Each structure stands twice: as structure tokens, then as C-alpha cells.
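In: sequence? don't have it. structure:
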């Protein structure tokens, strides 16, 4: 990406002695650098260097307390061979579907149906409500859903109330439903976000386009694929990025609701990294998981970025 | 633009359904919070409103202390982030300097890196420096994280600032610093405020960094306090619901007053959390 | 990316790599705090104003009350000492203690879980101090039976459990056994079980009568250790299990353990244990038992006070005698060990505090709060009912060598391995054989590397 800089035009030179332009530029450059130096220092010390250290740690076996022993790439081999580690990456893949694909699909579907919602009165009220889950602390959301999924919680109570007793179960304790239950929380979190995003994007489309399409006799579906979807490319990219990255980073929710259980059925990479680093004294292994996770996130973000239309940043 | 009645109905219906979908779990929390506390009862509509849970959660859970910690950390992060972001954003947008591309790239990395990428060594580094178990261990890394977003945001903001005003100021002999703080910043306050709100929300809600960096009870931030409270009262859902509301309330209240800023801010920014 | 930027990135990357390689020592070098040593004394009053930070997980009813009383009594005896007590659940303590101990201001006194995952790691990292010198002062070796002291001991390098250095002493005795509801058993016309076969017969009777045989909630993961421990001990006997946990001999894939796993999975299939236990909290399961909704509940004696208060005379406690043996064998030992951290600035006061909350008077306080002390006063006659069940059992198993250690002591990662495996076992996600293989994999990796 490029940084556009504005040249100082109309620069006047003071009368009398004129320092060389090059020197002035150097001084100006240094002064400008000072503006960013503190931020750069923060970034290097607290983010960049530790990230490089994580890669370094991943080459060792370390319990966090005594001296480490060299492990080479063994930790990375373990990620492929160890069932627990492998599974944690599979699980997060499942979560991506629930956190990202499902909400986006649902939101797109709805946008197709109510593409002119932005013109309605009271839209801002709906926007506020739909967006609300996004601002609540993840820990609070986790304890909320813990309660909802509990054996006598809201979900089972509702099921019983409508006569679907047979469907009740211990959602977070059942090997078959635990991961999906966690995923569904993500769907709940992100549907509103995507809907708001897409509706605002559609609102930017010139109404004449829709009028013209209607006059031409285009069906709703044609209208959707021909006008709406391309117009939403930018928003879809943003939605994908936000939701996919947040699902890959899932930690808080798993920590509070299941701690990776039952068994290891809801284990995710972020949780494995934390647990191995700070609980079971396998810092090297934890670091390797963190490295793989980070690279995955960066790759996927770059891939999604390619979907971006060129005129938006 | 006119919508037909049918279209209006369908639209409202869809919106109402999904608004309800978003609200029902949250309403469930509120209802649970005002139900009498007990360990074995399931979800049911309470006969009367009982606010005792809030008092009990507050007392037993030491939430006063946790909220103070959260406030200290959040305010400090906001202040430092704002100052540094404004300055750096201005430099990227309006000044020319050597290596600006590289520096911007480095700062952008902070936007893309998840906490898991750096937290493990960061913990051990800060431990060696005897900084863990202090507010600084919470404040400094979160400043670093917030800066990535803040600089990106302010740079965008300042890039779209009308160039003529700046030129005029320079012609008048204003220094860069003056130009920045007295000319550019005041009209940009709304945008800066949006940034502050988002940083506030992310910092307040942060869980992993306090979990790792802080072990003393009196330094715990609110979300962390809730997590440990939950560990001790795992099945007392009424109490937990009340505690959750206490923790989430500050940001939610802010949100209701300033929703437009929150929403536009989050949607306009690149994914950062 | 333009070419200019690429070369700059390269330069930065290379210079950082060079910088890092210069610090080529492995992580963790030189990070262990030095152990302070010097003359030890019993003098507390002369230590001046001291605040002792104490971390414990004594959250169970009765035990926490006793703890509060003892803390108050200590402060009353030594007004210059203030106790700053931080209590957490067992699971939370497990998570936070490592981080706290290696920080800059560690607590003075902590409850450390025995075995390799916790105490072993702490000793290896030089985070808790050997108490041999204080033992000389307070003569704990005469007060406690050797077996109890051994559990709290490690070699100085932290690599061998039950080594020569004492690292803590424990307040409470612990036996994991089967609490039963006397009324329900009478209603079913059965006696309290003393063997595995009898237990299964009783549970079948309960099931036939429409009563939940055994309440069991394992979402917190730790109850799985107790369930498997009790069944395995009743089949394998104390010698085999002891050898297994201490790494002396045996394998988790031996017949006895496989049979134990089969038995438990059987119980799950037959509906003897709470359905969907992996999502049920142990607090909820206990509440079910206390409300008279199940016949049995497996847990340790730390719940004696709570159950006693909820059920009074209706509750009993029993343990199982393996086939061919004449006394019961079960999981147990003592409560977490009270240890002094190496970072403590007041080791003398800390040691005096530990002695105070563990001595014979403290034992009486625990008895008053319906809890089992680690050393029952010789002259004490337990009250008939639950207390005598618990106390007599404790006496029996400790004197006949019938106690086997908590299974999670076996390797540094065994707590995680075992708890998650039991969850899979009860949910029929793995066969009993596969279950034992999961355990053996972790175990052989550790034992092989010692």
C-alpha cells in the first residue's frame, strides 16, 4: 500500500542565508519521524519483537520455569501428528462456518428480501438492536449463553414449552452438540452485524438502478445477483474479514463455557496455546500453535483482501 | 422512495424477527438477574423483581474493585492512544519522511496480529522486567494494540482533511505541531471521539491479556473478575446474570447514547479484533 | 509491494534474526529465583508488622469456616501479623498459582497440589522452599505418619516425587468414597455396599425402583478422577495403583484398569450415572444427592460438612474392599499441602502460621466444623453417624495402607489427559481399551524421559 504525501507547495524561503534543500528535507524528515517514533516503539517492543520471540520459543521444549531444551521442528510435527492439536484446528474450521459463512449467508438472503429497508422509518432503532451483541463483553456473552444452554436454562425451557421435550439435552456437555452450541453463539453475535453492514451498503446503491431493473422486468433474483451483490462486494469483504478473523481467534467463549471440553471436543488453537503455555508447562508447543494460528490468520486476511474492489482501501 | 405496503410489512417483519433474535438472550439475562438467586432452579419468569442479586454480586464479587481497575486501565489506554495516534496519523497523512512506508507496514502488523501471537513471550519478558502483576502490564500492550487501529483511523481522517486550510496555516507560519493541534484536530473531534469509543470498548472488554498478566485479585479487571466469580458460583445463574449486567453496563450505556459512532466506526475500520 | 520496500523488510528481518541469535541461550535461562537459607526461628512476635499473603482453595463448607477461625486465632495470638487471605476454586488456583508464584510479589503461603503437575513443577522452578529445617523446629515428623509426609515430599530437583525434601504439611485428611442415602437403601432393602459387586447390585436395585443410582456431574472435569480412581482401586488393589502412580511399575493398559474402564462405561450405558454428566456441574449433582434424588454420590471427605448439614443422619459413607483383600482400598491422602514460597520475605512467620493451622488444636477446629483433620486426635471418639463413618474409614485405610494417591499426580500433564479421557469414556466416545491407551501414551512418555 502506498502512503500519499503532499508536497509542500508555495514554500517560501527566508531571505538571506538559504540552507540546502536536502538538509532541510532531512531535518523535516527527522522531525516527522519523531511524530511516529513513540508509536513505533510501542509496536516494536510489545507486539513485533514478542511475535518473533514466539517463533523462537516454538523451537524449544520449555515448562516456563526451568531452562528450555532444544526441540527443533518437533512441535510443528506434533501439530500434525497429535490428535488433540490437529482437532483443535478442525474445530476452529467448524466455528468459521458458524461465525462467518452462516451469518453472511443469512444476512445476504435477508438483504435480498428487504433491500430497501434503509428507507424505512425506525431503521436506526433496528440498527441499534441488531448491533447490540457486538458491544457486550465476550465474558458476559459467554456466561449468558452458559446459562441459556444449562440443563434447565432458557433453551431447554423454551423447547419444553413448545412440546419439543425430546430435543432437550445438555448442550455444552454432549460431545455431539458442544461445538455446534459454541458455534451458534457466534452466529447470534454476527448475524446482526452483517445485516446492518449489508443494508447500509445496499442503501448506497442509486435507486435509479433498481428502478431501471424493475422496468426491464428483472426478477428479484436477477436484481440481487446483478445489482445488489456486486455493490456489496466491499461490505462482504469487511464482513468476511471481521467474522473469519474473530472466529479463528476464539478464546474467551471457549474458556468460559467449556474449557475445551467435554473431552477435547471444543478445543480451539487459541485455547490450546494458552493452556499449554500457562497451565501444563508446554510453552514450546503453545508457541508453535500460536505461530501456525497467526500465519493462518494473516494468509486468510490477505486472501479475503483480494476480493476487495480496488477503489476502497 | 416509495415502498409498497406489502414490501413495508415484509421488511418490518424480518427486522422484528431478527431484532428479537438478538434481544431474547439478553432479555433472558435481565430476567434471570432479577429472579431470586438459587442453585437449582431453572429458567422461569419471576413473580417479583428482586434486585438483591445485584447487591450480592457487587459485594461478594468485589466488583467495585474490578471496575476501578478497568477504569484505570481503559482511561490510560485511551489517553495515550489518542495522543500518539493523532500525532502519528498526522505524520503519515501530511508529512514526508524517510522510511514512512516501512514504519506504516510495521504499525499495520499490529492490526493483524492476534493477541496469541505475542502474548506468551510478552508475559515472560514483562515478568523478567518485574512489570507483571501491575496495571502497566495491562496498559502498555493494549496501547500497542490500539495504536494500530488508531493510527490507521486518524491517518484516513487527516488525509481527507481539506488541504487548503493546512496550506493557509503554513503560509501564516504555523509550525507543524501548531497546525496539527489547533487547526486540524478541533474539527476532527467527532472522528477522534469515535476512535476513543472503540478503543474504550475493546480495552474494557479485553479478557486474555488480564488473564495472563495479572494474578493479584485487586488488579483484576471487570471481565476477569466475572470469569473467576463464575468459577466459584458456577450454577448460581441469577447471581452470574446480575454480575454480567454490572460488567457490560458501562459500555452498553455508552453505546445507547452514541450508537451511530459505534456502528460507523466498527464498520468503517478494517477488522482489528 | 515495490522493490524498495521489499529490501528494507529484508534488512529488518535479518537484523532481528541476528539479534536474536546472539541471545542464543534457551528461554528460561537464569530465571529461577535463588533459594534463601539461613537460621530459622520460631519467633513471630519479634518480626514486627507483617502481612502474610495466603492463597488457598479451601472453599468447601466447613473447611472454609475452620480456616477463617484459625486465621482469626493466629492474628489474635500475634497482633503484629495480618493475614491477607485469597481464596479460589481448586481449578482456578491450579490455573493462577503458577503465574503468581513466578511473579515478582508471590504470596507467602500457598496451598500446593501434590504430584508432578503442580508441586513437582514448583520445586523444579525453585518456587517453594524445602521445609526440612522448620521440621526440625516444629517436629512435624513426630506428629504426622510417614506416609502423609512422603506425599508432600520431592527430591530437591523436583524430578522425583516422595523424595527427601518436605515441602508442605496438610490440614485435612482426604478419602474419596461413596456417600449413600440411608433412607433410600432401607427403602430398597439393601445394605451399604462394601465391595464393587455389592455396589453394582445396589445400583441395579435403585434403577429398577426408578431412582437414579448415582448422581454424577463432570463438567468441571475433576470428578472424573474420583470416579475412575475409586473403581480402579477396588479392582486393582493398593499395591498396583501405588506402583503405577509413582512410576515404579505397571501400565495403564493392564487388565485391572481396562476392567475398571469397562465397568464405568457399563454404568453409563445402563443409566446408573446421571445422563449427560459431562454437562452437569458437580455442584448440581451433589445438590441432587442431598435432595434425596439419588442413592449414591462419589466424592471426597471434604464434602462431609456440606452433606452432613444437608442430610444429617440420613447420610452414610463407605469404601470398597477389593476381592481377596480384607480392608478397603480407595483414592485419598490429604488435603493440599501448605507450602512456603521462596520469594516470601517472612519465612519464619509463614512457617509458624503453617504450623499453627495444622497442629492438634487446629485439628479440633476442623472436627468442630464437621471436617476430617489429617491427624485425628488419639483420644477423640467420633460422633455416631456420618462423622464416625468418615473418621473410622480414614483410620482404617491409613493404617492398613489402603490409600492410593490421586491419579492426576502421575505425570505433569496427567490432570488434563485423565480428566478429558474420562469424559470421553462416560460418553462412549472411546472404547475402554482406547481409554487406557490414551492414559498409557501420556504416562510412558513421561516415565521414559525421567
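Out: On my side now, so go ahead. Note that this is a predicted model, so its numbers are computed, not measured. Residues are numbered from 1 along each chain as shown, chains lettered A, B, ... in the order given.

In: all contacts plus neighbour counts: C-alpha atoms, from now on.
Out: Fine.

In: wait, a strand at residue C:176?
Out: Yes. Using DSSP: H, G, I helix; E, B strand; the rest coil, the assignment for residue C:176 is a strand.

In: that one and residue C:230 touch, don't they?
Out: Yes. Residue C:176 is in contact with residue C:230 according to Cα atoms under 8 Å; the separation is 7.1 Å.

In: overlap in contacts of the two?
Out: Each of C:330, C:331 lies in contact with both residue C:176 and residue C:230 under the rule Cα atoms under 8 Å, 6 or more residues apart in numbering or on different chains.

In: I'd like the distance from stretch A:269-288 to the chain centre, please.
Out: Relative to the centre of its chain, stretch A:269-288 is centred 21 Å away, using Cα atoms, centre = their mean, to the nearest Å.

In: what distance separates the start and the end of it?
Out: Using Cα to Cα, to the nearest Å, the end-to-end distance of stretch A:269-288 comes to 10 Å.

In: over to stretch C:74-91?
Out: Length of stretch C:74-91, first residue to last, Cα to Cα: 28 Å.

In: hmm, who's touching it?
Out: Contacts for stretch C:74-91 (Cα under 8 Å, 6+ apart): B:217, B:228, B:231-232, C:44-45, C:47-59, C:71, C:353, C:356.

In: what are the buried residues along that stretch?
Out: C:74, C:78, C:81, C:82, C:85, C:86, C:87, C:88, C:89, C:90 (16 or more other Cα atoms under 10 Å in any protein chain shown).

In: show me what secondary structure element comes after the helix or strand hosting residue A:237.
Out: Using DSSP states H and E, residue A:237 maps to helix A:233-248. From helix A:233-248 onward toward the C-terminus, using DSSP H and E, the following helix or strand is helix A:252-257.

In: any part of that next one near chain C?
Out: No. For helix A:252-257, no contact with chain C is found by Cα under 8 Å from any Cα of the partner chain; the gap never falls below 9.7 Å.

In: that helix near chain B at all?
Out: Yes. Legend: contact between helix A:252-257 and chain B by Cα under 8 Å from any Cα is shown at A:252, A:256.

In: now do that helix: distance to the chain's middle.
Out: In terms of Cα atoms, centre = their mean, the centre of helix A:252-257 is found 16 Å from the chain centre.

In: which other helices and strands does the helix or strand immediately after it in the chain contact?
Out: Downstream of helix A:252-257, the first helix or strand assigned by DSSP H and E is helix A:269-278. With contacts defined as 3 or more Cα pairs under 8 Å, 6 or more residues apart in numbering or on different chains; DSSP states H and E, helix A:269-278 has these neighbours: helix A:83-96, helix A:283-305, helix B:115-128, helix C:90-101.

In: helix A:269-278 to helix B:115-128, inter-axis angle?
Out: Angle of helix A:269-278 versus helix B:115-128, following axes from the mean of the first three to the mean of the last three Cα atoms, to 10 degrees, is 20 degrees.

In: angle of helix A:269-278 against helix A:83-96?
Out: Helix A:269-278 and helix A:83-96 meet at an angle of 140 degrees, taking the same axes, to 10 degrees as the criterion.

In: what residues of helix A:269-278 count as buried?
Out: Of all the residues in helix A:269-278, those buried under the rule 16+ other Cα under 10 Å are A:269, A:270, A:271, A:272, A:273, A:274, A:275, A:276, A:277, A:278.

In: show me where chain C has its strands.
Out: Taking DSSP state E as the test, the strands found in chain C are C:50-56, C:81-87, C:109-112, C:153-154, C:165-166, C:173-181, C:212-215, C:294-300, C:315-318, C:330-334, C:337-340, C:403-404.

In: brilliant, that's me finished.
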